[in-house]
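Peer 1: this one's sequence-less:
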C-alpha cells in the first residue's frame, strides 16, 4: 500500500490518505475510501452532534 491523494467532496481540497489510515480503515472493515478531508469530517461530526 502507498499513500493516496484524494479530493474532498465538500471543499474540493486535495488531502492525503496515508498508508496508516488505509490500514486503520481496513481493520475497521470500511470498504470505501474517505470522501472528505479531515477538517470537513470534523466539521460534519460536530454539526451532526449539535443536531441531536
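Peer 2: It's in. What you see is a predicted model; the values in this text were computed from it and never measured. Numbers count the residues shown, from 1 in each chain.

Peer 1: now the residue nearest in space to the middle of the chain. Nearest residue, chain neighbours left out?
Peer 2: Among the residues of the chain, residue 34 comes closest to the average C-alpha position under C-alpha atoms, centre = their mean, at 3.6 Å. Nearest-residue entry for residue 34: residue 17, 6.4 Å, with adjacent residues in sequence omitted and distances by C-beta to C-beta, 6 or more residues apart in numbering. From N, CA and C alone the C-beta is placed, and that goes for glycine too.

Peer 1: so what's the one you found up against?
Peer 2: 3, 4, 5, 6, 33, 34 (C-beta atoms under 8 Å, 6 or more residues apart in numbering).

Peer 1: how close does it sit to residue 39?
Peer 2: For residue 17, the distance to residue 39 under the criterion C-beta to C-beta, to the nearest Å works out to 14 Å.

Peer 1: and if you look at residue 31?
Peer 2: Using C-beta to C-beta, one gets 24 Å for the distance from residue 31 to residue 39.

Peer 1: which one of these two has more residues nearby?
Peer 2: Neighbour totals were compared for residue 31 and residue 39, and residue 39 leads with 13 against 6 (other C-beta atoms under 10 Å).
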